[in-house]
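Participant: Here is a sequence together with a model predicted from it:
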Amino acid sequence: MNLDVQSISPTCIVNIAAYRFVQLDELEQLRADLRSVVEHTELKGTVLLSPEGINLFLAGERAGVDQFLSHLRSDERFAQIEVKESLNDYQPFNRMLIKIKSEIISFGMPGIAPQQQTSPKMPAHQLKQWLDDGRSVHLLDTRNNYEVDLGTFTNAIRPDIDNFREFPDAVSQLPESMKNEPIVMFCTGGIRCEKAGPYMEQAGFKQVYQLDGGILKYFEECGGDHYTGDCFVFDQRVAVDPQLQETLHTQCYICQEVVTPEAQQQKEYVPGVSCPQCFRPADEVIERRVAERNKSLAQLTQVLPGSTPYFNRRPLNVPARYDGFQLLDFLADWHPQVPREAWQKKIARSEVVPGQRYGRRKKRRKSPEETLPLAPDRIVRGGERFENLLPGTIEPDVNGDLKLIYEDDQFVVVNKPAPLPLHASGRFNRNTIQYLLDQLYRPEHPLFVHRLDANTSGVLVLCRKKAIARVVAPQFEQRVVRKTYLARVQGTPAEDVFHCDVGIAKSPGPGGLRLPDPEAGLEAETEF
């Protein structure tokens, strides 16, 4: 079959595929040279360069394609490069890439050098003649399973591989009798056979041929005789038929499986979301996602992150009421649990330093340079920030048995053990739920919409987006969301239902507990 390019509209898109195994050096210079050409042609696609040669898939208008090929063939290394063409009415590539790689087709087997030695090639018309005559020959498809599923030669052997690097293992499973019988191997455009052929010869196969130009060249010269189905291509067309026309097949954005026109009619096919191959019921998707998260969470907590010494930086934000205080006076008054003398020593050791300040959009604003150590009588200002440097920090142990119980695109729900703080405070920074979930969901930052004390276990809800958190948090504050607590008691309560309004301590006591304080405690009310 011949294409009469003169009868095609000049606005049609020309698709070209070509490769050549040839020794190349100075690849960066070659890439720069080709890039300067394609910038003026509006071509899109991919060019792969490696020490073993060039492999390209490009598309554009006829003038641009001709200009690129003319420039390429002006280099004597590519003067004889063979090009396969097809036509369609839109650009099948999104961008132009020129990459340098170790191989132009990944095979991973040392000692295979098609630029030096490859298997004999059989022209398309000769293979057709052999098949027309019923000649005894093995047809070996070297492509991946998803490609073969779309179409292949009648009675061809499919090696059942998902990646070309698996081909050597597939060869080892072929019958020993084939080593003395004629084999014609084929792929889309021929490049894989350039490596597969020599490998099979090394493995002891004595009559190995490559289909010259692959399936696409066969379609161009012989049409679809002895071939069933279509041919997968590596661009947005997905597949072409024996007339080299684009078919109605598409490719799933999620799993990359080819989706036939029939499969596109099934309810499981939602463009950009799922196809019949990868579709899973919502409950199963959530179950799998939660299982994967819990596996990662178990790895994060196998050694508690705060149990390994690290350099901790704790913020010291200056409240407005301390505006005009001297630094040492501010620290001693703001954190009286640390002796004044200890703060003085930390300042002298440069362990109290200026911190980063943030504007309204939380962009870091560079603080003026200051000489360290800071002076104890340095005047602080309201809103100013310092950092308390704590080298060799080791945090107290906590219960790391945190478990995810639900997740979707908006919510994260965990089963919180005790003791385990929610966020950084006091002695805890890394041994907190916030730190663990930040690591698990990076770069996301799940947001708390309610709280549980460090020593309280139970279900904790977080939101994955600020917009959702702004809606959900008030529902907890206004008690629209119903929460139920289970309390462990000693003895037997006198009544099934009772009311408690004893005040609770203003500050935590030993172990972080807030004990009843009927005289000076905070107002508290609980229904049991």
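Facilitator: Great, that's in hand. Numbers count the residues shown, from 1 in each chain.
Participant: which residues touch the one helix or strand Ala291 maps to?
Facilitator: Element membership of Ala291 [criterion: DSSP states H and E] is helix 282-301. Outside helix 282-301, the residues that touch it by Cβ atoms under 8 Å, 6 or more residues apart in numbering are 280, 400-408, 436, 439-440. Any C-beta I mention is one placed from the backbone N, CA and C, and that applies to glycine too.
Participant: give me that answer again for 6 Å
Facilitator: Helix 282-301 has contacts (Cβ atoms under 6 Å, 6 or more residues apart in numbering) with Gly400, Leu404, Glu407, Leu436, Gln439, Leu440.
Participant: residues touching the second one, list them.
Facilitator: Shown here is Leu404, whose contacts under the criterion Cβ under 6 Å, 6+ apart are Val290, Arg293, Asn294, Val414.
Participant: Quick one: neighbours of the second one, just the number.
Facilitator: Counted with other Cβ atoms under 10 Å, the burial measure for Arg293 works out to 18 neighbours.
Participant: Can you read off the pLDDT for it?
Facilitator: On the pLDDT scale, Arg293 is placed at 96.
Participant: Now do it against Leu452, distance only.
Facilitator: Per Cβ to Cβ, to the nearest Å, Arg293 is found 20 Å from Leu452.
Participant: picking up where we left off before, ok, of the contacts of Leu404, which one's closest to Gly214?
Facilitator: Arg293 (43.9 Å; Cβ to Cβ).
Participant: What separation do you get for the closest one and Asp162?
Facilitator: According to Cβ to Cβ, Arg293 and Asp162 sit 27 Å apart.
Participant: for Glu292, same thing?
Facilitator: According to Cβ to Cβ, Glu292 and Asp162 sit 22 Å apart.
Participant: could you check the distance from Ile191 over to Ile215?
Facilitator: Going from Ile191 to Ile215 by Cβ to Cβ gives 12 Å.
Participant: actually Thr301, not the one I typed
Facilitator: Thr301 sits 52 Å away from Ile215, taking Cβ to Cβ as the criterion.
Participant: Show me how this protein divides into domains.
Facilitator: 5-100, 121-247, 282-304+394-483, 309-393, 487-528 (automatic domain parsing).
Participant: Would you convert those domains into CSV that also reports distance to Gln264?
Facilitator: Listed next are those as CSV, based on distance: least, Cβ to Cβ, whole Å:
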stretch, distance to Gln264
domain 5-100, 19
domain 121-247, 12
domain 282-304+394-483, 21
domain 309-393, 45
domain 487-528, 56
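Participant: Just name the most buried of the ones you listed.
Facilitator: Ranked by mean neighbour count under mean count of other Cβ atoms under 10 Å, those are led by domain 121-247, which reaches a mean of 18.
Participant: start to end distance for that one?
Facilitator: This stretch, domain 121-247, spans 29 Å end to end (Cα to Cα, to the nearest Å).
Participant: swap in stretch 89-103?
Facilitator: Distance between the two ends of stretch 89-103: 32 Å, counting by Cα to Cα.
Participant: Might you calculate how far it sits from the centre of the chain?
Facilitator: On the basis of Cα atoms, centre = their mean, to the nearest Å, stretch 89-103 sits 20 Å off its chain's mean C-alpha point.
Participant: Could you do stretch 205-221 as well?
Facilitator: Counting by Cα atoms, centre = their mean, stretch 205-221 comes out at 37 Å from the chain centroid.
Participant: residues making contact with that stretch?
Facilitator: So stretch 205-221 is in contact with 1, 84, 119-125, 127, 179-180, 182-190, 193, 197, 200-201, 231, 242, 244, going by Cβ under 6 Å, 6+ apart.
Participant: could you give the mean pLDDT of it?
Facilitator: pLDDT averaged over stretch 205-221 gives 95.
Participant: End to end on that stretch, go ahead and measure it.
Facilitator: 28 Å.
Participant: same question, stretch 413-430
Facilitator: So stretch 413-430: terminal residues 20 Å apart, Cα to Cα.
Participant: Tell me which helix or strand Leu389 sits in.
Facilitator: Counting by DSSP H and E, Leu389 is part of strand 385-393.
Participant: name the helices or strands packed onto that strand?
Facilitator: With contacts defined as 3 or more Cβ pairs under 6 Å, 6 or more residues apart in numbering; DSSP states H and E, strand 385-393 has these neighbours: strand 310-317.
Participant: rewinding a little: can you tell me which of the contacts of Leu404 is nearest Arg479?
Facilitator: Taking Cβ to Cβ as the measure, Arg479 sits nearest to Val414 out of these, at 21.5 Å.
Participant: how much space between the nearest residue in space to Leu404 that is not next to it in sequence and Ser425?
Facilitator: Excluding the flanking residues, the one nearest Leu404 by Cβ to Cβ, 6 or more residues apart in numbering is Arg293, at 4.6 Å. Plainly put, Arg293 is 25 Å away from Ser425 if you go by Cβ to Cβ.
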